[in-house]
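**Student:** Quick one: sequence and predicted model below, then my questions.
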Amino acid sequence: MHDDNIDSLLKTYPAGRQEYLIPALQEIQHRWGFISEEAVKKLAEYLRVPSSVIYGVATFYNQFRFVRQGKYHFQICYGTACYLFGTSTLLEELESMLGIKDGEISDDGLFSLEVAGCLGGCAQAPVVAVNGEFYTHVTLHQLRQIVENIRLEENLR
Amino acid sequence: MTFEIEINNKPVKVKRGETILEVLNRIGIKVPTLCSMKDFVPTGMCRLCVVELEGRDMLIPACSFKVEEWMKIKTHSPRVVLARKTIIELLLANHPDDCLYCERNGNCELQQHAEDMHVRERRITGQKNTTFLDRSSIALIHEPSKCILCGRCIRVCTEQMGVSVLSFIRRGVATSVRPALEKPINSSNCVFCGQCLKVCPTAALSDRVNFSEMQVFFHDPHKKMAVTYSPAVSAIIAEYFGFKTSKNVNAVIQNILRKIGFEIVFDTSLATDIMIVEMCGDFIKRLRENGPFPMFSSSCPAWVKYVEQTHEGLIKNLCTSKSFSQISGVVAKHVIARQKSLLPEDIYLVSILPCTAAKFEASRPQMTLMGISDVDSVITVREFIRMIKMYGIDVDRIVAEIEEKEVASTASVAGKLVNISGGTTEVFLKALSHFLVGKPFAANFSVPRMINKDYKEFQVEIGDYKLGIAVINGLSNVNVLIQQLSNRDDVHFVEVMACTNGCMGGGGLPLSWSKEAEKRSIKSLLEWAEEDTVKWVHHNTLLKDVYDNYLNAPMPSEFHERLHTYFVKREVLI
């Protein structure tokens, strides 16, 4: 982890002020894609918030991750509309195809999986996003193809 | 200011500022609670204490509402009773049906409420909790599947101890109570004080029970079973079983332990005397070498771990003497063993303490030298009580006469006093005065007993030395002093006890231990201390013999290693 960078990022917040916890977490997440153990430690020291509380706050929200993202980051929408359109079946399939669960990264670092609260595409449910690229009205068949295409591409390299 | 409100159609006098729950408890109406804790701000999380308030549609939690003039309250109307029963049924819906095999069977608040409300069918069924069981730590076991999310442990850990190991994580149905980054307890910043498991209503937090592993050694022909217990244990057992104070409790405890099968039985008092002497030695060395000051006491293992992980810079300030529990191990394996012509490895030593952190302390690598641990197994008073029941011992019929006395049982009053906050300071200063100037204290010295006080600082004069002394009762009170330390040089000795009131408020006490029981057991311990004839550590006639014949000889360098330890920085998330 880039320690210097975390330190300089933290310096843009006043020390010992716990109300800056969420903005700081958001910035760390935005910059590095996840919140590392090192980041939690430094954040705790700097804002003087126990790391257990930081973890408690961060896990309350869906937006924070504690594992770095894979080369291909899958977000699967678990909002109400998507859920009604069978996103749980998609998730099951995706989990077995990638061999990882929510919040995990595959051993080769290629795939990571995140179950999202709502991606905001309810009219196009179910929605899956890969590295921010959205796939709508996703079927099982389509999902398999997305994964296969990525694997194919990676094998060619 | 007092006024009247109506409770169950009867007028009741109340004081302004009281909560409804306090009033109900005072007038003898029992309302079930799961999250409420005495001396803590109410959170209203469990909703079990709901009552019906005339003029309100919703039931209100009695713990979080203060009384007001207009209130008309019903505490057991059919609506209220149904609501409470439903809450319990919902809590049971995802609770593991594990009661018969549970550590808290028969001693569980959830079970008790279910019984009181006559829950007799599984009306609401849900998916059972199956979160993983954290058995990583040598002292505490965390089983989140049994957690009912009352939040007591979090509040005790944060507000009372100031450690903040646990927090609510995630939300909704996925909520659980875990350390930061869901680390296992043994690699978290837990200091193993055990206060959380004392307030946990279920077995979500419990201590690691050591006696099944210990029982194996009762059958080992190569091992002599030895046990040491602190005088605090005697006071707590006497209170728990309601012994008459006239009975010689020490003799009763010794006979119980012999009946259980221990061959060598002695209390920690001699070890305490040795600890005090070693503390004086360390302190005098610091006086000669100009520091580092203040010297912090290190007999409380929870405090020691707290320093190691939170205040790396203060590690050098910790007194290097081992705690009395660990020194008991040295006494057993190097003094008693030699007296009985045994080898250190022939003895299996069990230490009974009102402490869960001591389990962790005994497992520190520093406490094992060439494969021989000072203490082989630490059991809490809770486990001891369980053993008494398991071995079918009728405590009322035990004779209070010691059949066989260990030589190591000559000791001063220190063994008793160090279990209470302030006691270590008292005996330490008295002994220090003897070693420094060879005479007792000036008469104006006040006994710094600290029951229910958080923090005390005072000055003493010993010879030419003006010493600043601080006594800290409860871990959360230490940070104020530590912050001042960078620009203060008038503090020379600091005693810290992590649990409030010291060992007498420790994490190894019986689970239903009330504040009153705690007070009574402290009182009897202090009374025994008054009766003690040897008031000064250096008046213990055995000490010189022990030092001359056992600890110093034949290799004095080895002796320092046995009685002293070292501390290491711990990398954990704070």
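**Tutor:** Cool, got the structure. Numbers count the residues shown, from 1 in each chain, chains lettered A, B, ... in the order given.
**Student:** tell me which parts of the stretch 151-300 of chain B are close to chain A?
**Tutor:** Selection of the stretch 151-300 of chain B residues close to chain A by Cβ under 8 Å from any Cβ of the partner chain yields B:158, B:164-171, B:178-182, B:188-189. To be clear about C-beta, it is placed using only N, CA and C from the backbone, and glycine gets the same treatment.
**Student:** Oh, that last question was meant for chain B, not what I typed.
**Tutor:** B:158, B:164-171, B:178-182, B:188-189, B:573-574.
**Student:** circling back to that earlier point, please flag which of the residues of the stretch 151-300 of chain B next to chain A sit within helices.
**Tutor:** Assignment to helices by DSSP state H places none of those there.
**Student:** which one of those sits closest to residue B:124?
**Tutor:** Using Cβ to Cβ, residue B:171 comes nearest to residue B:124 of these, at 21.6 Å.
**Student:** wait, doesn't that closest one sit right on residue A:57?
**Tutor:** No - if you go by Cβ atoms under 8 Å, residue B:171 and residue A:57 don't touch, sitting 10.5 Å apart.
**Student:** Just want to know which of these two has more residues nearby.
**Tutor:** residue A:57 (18 against 12; other Cβ atoms under 10 Å in any protein chain shown).
**Student:** Wasn't that one part of a helix?
**Tutor:** Yes - per DSSP: H, G, I helix; E, B strand; the rest coil, residue A:57 lies within a helix segment.
**Student:** Tell me how far the closest residue to it other than its chain neighbours lies from residue B:108.
**Tutor:** Of all residues not flanking residue A:57 in the chain, residue A:21 sits nearest, at 6.0 Å (Cβ to Cβ, 6 or more residues apart in numbering or on different chains). Distance, residue A:21 to residue B:108, by Cβ to Cβ, to the nearest Å: 36 Å.
**Student:** Could you do residue B:520 as well?
**Tutor:** Per Cβ to Cβ, residue B:520 is found 25 Å from residue B:108.
**Student:** Who has more neighbours out of these two?
**Tutor:** Higher neighbour count among residue B:520 and residue B:108: residue B:108, with 20 against 16, using other Cβ under 10 Å.
**Student:** Skipping adjacent residues, who's closest to that one in space?
**Tutor:** residue B:202 (5.6 Å).
**Student:** Residue B:287 too?
**Tutor:** residue B:465 (7.0 Å).
**Student:** Run through the residues that contact whatever residue of the stretch 351-500 of chain B ends up closest to chain A.
**Tutor:** Here the residue of the stretch 351-500 of chain B nearest chain A is residue B:479; by Cβ to the nearest Cβ that distance is 11.1 Å. By Cβ atoms under 8 Å, 6 or more residues apart in numbering or on different chains, residue B:479 lies in contact with residue B:162.
**Student:** Chain B contacts on chain A?
**Tutor:** Counting by Cβ under 8 Å from any Cβ, chain A sits next to chain B at A:37, A:40-41, A:44-45, A:50-56, A:59-60, A:66.
**Student:** about what we covered before: the residue nearest to residue B:287 reaches residue B:433, doesn't it?
**Tutor:** No - judged on Cβ under 8 Å, residue B:465 makes no contact with residue B:433 at a distance of 9.7 Å.
**Student:** More neighbours: which of these two?
**Tutor:** More crowded of residue B:465 and residue B:433, by other Cβ under 10 Å: residue B:433, with 23 against 13.
**Student:** For whichever strand or helix holds residue B:560, give the mean pLDDT please.
**Tutor:** Under the criterion of DSSP states H and E, residue B:560 resides in helix B:556-563. Helix B:556-563 shows a mean pLDDT of 71.
**Student:** Stretch B:279-297 now?
**Tutor:** pLDDT averaged over stretch B:279-297 gives 91.
**Student:** In it, which residues are buried?
**Tutor:** Neighbour-count burial for stretch B:279-297, counted by 16 or more other Cβ atoms under 10 Å in any protein chain shown, picks out B:279, B:280, B:281, B:282, B:283, B:286, B:287, B:293, B:294, B:295, B:296, B:297.
**Student:** what sits against the residue nearest to the fourth one when sequence neighbours are not counted?
**Tutor:** This points to residue B:282. With Cβ to Cβ, 6+ apart as the criterion, residue B:282 has its nearest non-adjacent residue at 5.0 Å, and that residue is residue B:319. Residues near residue B:319 by Cβ under 8 Å, 6+ apart: B:279, B:282, B:283, B:295, B:296, B:297, B:298.
**Student:** let's go with 6 Å and repeat that
**Tutor:** Contacts for residue B:319 (Cβ atoms under 6 Å, 6 or more residues apart in numbering or on different chains) come out as B:279, B:282, B:295, B:297, B:298.
**Student:** For residue B:86, see how far away the first one is.
**Tutor:** Spelled out, it's residue B:279. 57 Å.
**Student:** Also the second one?
**Tutor:** Using Cβ to Cβ, we find residue B:282 at a distance of 60 Å from residue B:86.
**Student:** what's the answer for the fourth one, then?
**Tutor:** From residue B:297 across to residue B:86, the span is 50 Å (Cβ to Cβ).
**Student:** Which parts of the stretch 401-550 of chain B are helices?
**Tutor:** Ranges of helices in the stretch 401-550 of chain B, per DSSP state H, counting those that start in this stretch, are B:414-417, B:423-437, B:478-485, B:515-531, B:541-546.
**Student:** Give the next helix or strand downstream of the helix or strand containing residue B:89.
**Tutor:** Taking DSSP H and E as the definition, residue B:89 sits inside helix B:78-93. Using DSSP H and E, the helix or strand that follows helix B:78-93 in sequence is helix B:109-116.
**Student:** Give me the contacts around that next one.
**Tutor:** Residues from elsewhere that reach helix B:109-116 (Cβ under 6 Å, 6+ apart): B:32, B:88, B:201, B:202.
**Student:** Adding secondary structure and neighbour count, write these out as CSV.
**Tutor:** Shown next, in CSV, are the contacts of helix B:109-116 (DSSP: H, G, I helix; E, B strand; the rest coil; neighbours: other Cβ atoms under 10 Å in any protein chain shown):
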residue, secondary structure, neighbour count
B:32, coil, 18
B:88, helix, 23
B:201, coil, 24
B:202, coil, 24
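**Student:** in chain A, which spans are strands?
**Tutor:** For chain A, applying DSSP state E gives strands covering A:72-77, A:111-116, A:128-130, A:133-135.
**Student:** List of residues touching the lowest-mean-pLDDT helix or strand in chain A?
**Tutor:** Lowest by mean pLDDT, DSSP states H and E among the helices and strands of chain A is helix A:3-10, with a mean of 80. By Cβ under 6 Å, 6+ apart, the list of residues contacting helix A:3-10 from outside reads A:39, A:42, A:46.
**Student:** Likewise for stretch A:35-53?
**Tutor:** Stretch A:35-53 is touched from outside by A:1, A:6, A:10, A:15-16, A:18, A:21, A:28-29, A:54, A:64, A:66, B:164, B:167, B:179-180, B:573-574, with contacts defined as Cβ under 6 Å, 6+ apart.
**Student:** got it, and stretch A:17-32?
**Tutor:** A:13, A:35, A:39, A:47, A:49, A:58, A:64.
**Student:** swap in stretch B:127-146?
**Tutor:** Here stretch B:127-146 makes contact (Cβ under 6 Å, 6+ apart) with B:94, B:96, B:176, B:184-186, B:192, B:202-208, B:356, B:359-360, B:363.
**Student:** Just these: which are in helices?
**Tutor:** Counting by DSSP H, those place B:359, B:360 in helices.
**Student:** C-alpha coordinates for the lengthiest helix in chain A, CSV please?
**Tutor:** Taking DSSP H as the criterion, chain A has its longest helix at helix A:140-156. Provided in CSV are the C-alpha atoms of helix A:140-156 (Å, rounded to 0.1, in the frame of the first residue of the first chain):
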residue,chain,number,x,y,z
LEU,A,140,-28.0,-16.8,-17.5
HIS,A,141,-26.9,-17.4,-21.0
GLN,A,142,-25.6,-13.8,-21.4
LEU,A,143,-23.8,-13.9,-18.1
ARG,A,144,-22.0,-17.1,-19.1
GLN,A,145,-21.0,-15.5,-22.3
ILE,A,146,-19.6,-12.4,-20.6
VAL,A,147,-17.4,-14.5,-18.4
GLU,A,148,-16.3,-16.8,-21.2
ASN,A,149,-15.4,-13.8,-23.4
ILE,A,150,-13.2,-12.4,-20.7
ARG,A,151,-11.5,-15.8,-20.2
LEU,A,152,-11.0,-16.2,-23.9
GLU,A,153,-9.5,-12.8,-24.2
GLU,A,154,-7.2,-13.4,-21.3
ASN,A,155,-6.1,-16.7,-22.6
LEU,A,156,-5.1,-15.2,-26.0
